[in-house]
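Student: generate coordinates for the sequence data below:
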Amino acid sequence: MPATSSPRLAGQYALVTGASSGIGAAIAIALAANGASVVVNYGHDTDGANATLKTITDAGGTGYIVQADVSKEDQVQAMFQQAVQHFGTLHIVVSNAGIQVDSPFVDMTLEQWQKVIDVNLTGQFLCVREAAREFLRRGPQPEVSKALGKIICMSSVHEVIPWAGHVNYATSKGGIMQLMKSTAQELAPHKIRVNSIGPGAIKTHINHDAWGTPEAEASLLKLIPYDRVGEPDDIGQLAAWLASDEADYITGQTIFMDGGMTLYPGFAAGG
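Tutor: Residues are numbered from 1 along each chain as shown. Sure, this is the predicted structure:
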């Protein structure tokens, strides 16, 4: 889904949370490459956010950095206020920020459980809510976008695939699925589209141990029928398309981008 000569997101303003590295950075860069001006959110990695912004501006795009912890309501609201003050409005919000704090279930502490739920699920709730509020406040701009606004939640194949040893993470992603579908159902009459992207194995720092050596990558590929590990730009290009008018009739859907991981390849030989 390459950018066209007439940028598909021209004149639109986007906010991407967790955009200092990995998938979030790739999405911010792809949205900008497709013509959007992008608010680059980060939690702690200032250098990473600056690197994302530099990539955007070096390519001729426009961006703006805002720090916020998405698990904190006051910080999320302040982030949206800053974005609207800077750009005037938002048309696209990608709620991407997420973390893993892994533990065997019987050893998992309440703190480990709550930290992941706070960032991965409550953070999505706060960002989706503020996005919808801004879209409704602004009103239609049909010359810019057919939809009143576009929201993309970052989920995972683990909204449907159980993941032992990562119960807090998998639970947060299952929750995102119902958050996305329920808000999509409620907001569709307002012409607000809400969807999710469900990545499989993507080469980011959060899962480096799973692909960082030839042996680890070979083991991981047993779970991926398409026989390659995904790249952050795979997700970035999908997000740019999903936010465009080309995807205007899509809402309430998780689009899995996983090389076939959700095909349960262990059953390929008949189980």
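
Student: so who does the closest residue to residue 156 other than its chain neighbours touch?
Tutor: Excluding the flanking residues, the one nearest residue 156 by Cβ to Cβ, 6 or more residues apart in numbering is residue 173, at 4.4 Å. (C-beta placed from N, C-alpha, C; glycine too.) The contact partners of residue 173, taken as Cβ atoms under 8 Å, 6 or more residues apart in numbering, are 120, 155, 156, 158, 159, 198.

Student: residue ranges with poor pLDDT in this structure?
Tutor: The model of the chain has pLDDT under 70 over residues 1-5, 271.

Student: go again using 90 as the cut-off
Tutor: Within the chain, the ranges that satisfy pLDDT under 90 run 1-6, 205-215, 266-271.

Student: which residues are in contact with stretch 75-85?
Tutor: Outside stretch 75-85, the residues that touch it by Cβ under 8 Å, 6+ apart are 13, 15, 39, 41, 64, 66, 68-70, 90, 123, 126-127, 130-131, 133-134.

Student: which parts of it are buried?
Tutor: For stretch 75-85, the buried set under the neighbour-count rule, 16 or more other Cβ atoms under 10 Å, comprises 75, 76, 79, 80, 82, 83, 84.

Student: chain center to that stretch: distance?
Tutor: 18 Å (Cα atoms, centre = their mean, to the nearest Å).

Student: mind saving the C-alpha coords of that stretch as PDB?
Tutor: The C-alpha atoms that make up stretch 75-85 are tabulated as PDB, following Å, rounded to 0.1, in the frame of the first residue of the first chain:
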ATOM      1  CA  GLN A  75      -1.800  13.900  31.100                       C
ATOM      2  CA  VAL A  76      -3.900  12.400  28.200                       C
ATOM      3  CA  GLN A  77      -6.300  15.400  28.400                       C
ATOM      4  CA  ALA A  78      -3.400  17.800  28.400                       C
ATOM      5  CA  MET A  79      -1.800  16.000  25.400                       C
ATOM      6  CA  PHE A  80      -5.000  16.400  23.400                       C
ATOM      7  CA  GLN A  81      -5.300  20.000  24.400                       C
ATOM      8  CA  GLN A  82      -1.800  20.700  23.300                       C
ATOM      9  CA  ALA A  83      -2.300  18.900  20.000                       C
ATOM     10  CA  VAL A  84      -5.500  20.900  19.200                       C
ATOM     11  CA  GLN A  85      -3.800  24.200  20.200                       C
END
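
Student: so what's residue 230 up against?
Tutor: Residue 230 neighbours (Cβ under 8 Å, 6+ apart): 199, 200, 201, 202, 203, 257, 258, 259.

Student: I'd guessed the second one sits against residue 257; true?
Tutor: It refers to residue 200. Yes - with contact defined as Cβ atoms under 8 Å, residue 200 and residue 257 form a contacting pair (6.8 Å).

Student: these two: which has the busier surroundings?
Tutor: Neighbours per residue (other Cβ atoms under 10 Å) separate residue 200 from residue 257, with residue 200 holding more: 22 against 18.
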